[in-house]
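could you work out the structure for the sequence below:
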Amino acid sequence: AAENVTVRLDLSGLVQDLSGWDVNVLSPDTAHAQLSGISLHGSVCEFTLRRIEHYTVVTLAAKGS
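Numbering: from 1, shown residues only. Below is the predicted model of the structure:
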């Protein structure tokens, strides 16, 4: 298990502006994965996963996609 895992994704060259995007979390660990500190600025996405037991998948999608 891991706790307070901070993730920083720099999507420069792929996405200009993430401010209008949705962040979704999928995990078999809990019914509601605990994601905090979500920051979407320019092409950078940052967040913290509070606890990972097995695995967690985080997806980013433009709103309306």
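
make it CA atoms for all contacts and neighbour counts henceforth
Will do.

and the spatially most central residue of the chain, what pLDDT?
The residue lying closest to the centre of the chain (Cα atoms, centre = their mean) is Val58, at 4.8 Å. Reading off the confidence values, Val58 has pLDDT 94.

quick one: contacts for it?
Val58 makes contact with 23-26 under the criterion Cα atoms under 8 Å, 6 or more residues apart in numbering.

just Ser27 next, same as before
Here Ser27 is in contact with 33, 54-57 (Cα under 8 Å, 6+ apart).

how about Arg8?
Contacts of Arg8 (Cα under 8 Å, 6+ apart): 44-47.

any idea which of these has the most stuff around it?
Using other Cα atoms under 10 Å as the neighbour criterion, Cys45 leads the contacts of Arg8 with 20 neighbours.

distance check, Ile38 against Gly64.
For Ile38, the distance to Gly64 equals 20 Å [Cα to Cα, to the nearest Å].

compare the two (neighbour count), which wins?
Ile38 (13 against 7).

can you give me the helices for the chain?
Assigned by DSSP state H, the helices in the chain number zero.

what stretches of it score poorly on pLDDT?
Within the chain, the ranges that satisfy pLDDT under 70 run 33, 65.

ok so, going back, and the furthest pair within the contacts of Ser27?
By the measure Cα to Cα, Ala33 and His54 form the most distant pair in the contacts of Ser27, at 11.8 Å.

contacting residues for the nearest residue to Glu3 once chain neighbours are set aside?
Nearest residue to Glu3, sequence neighbours excluded (Cα to Cα, 6 or more residues apart in numbering): Arg51, at 4.3 Å. Shown in contact with Arg51 (Cα under 8 Å, 6+ apart): 1-5, 34.
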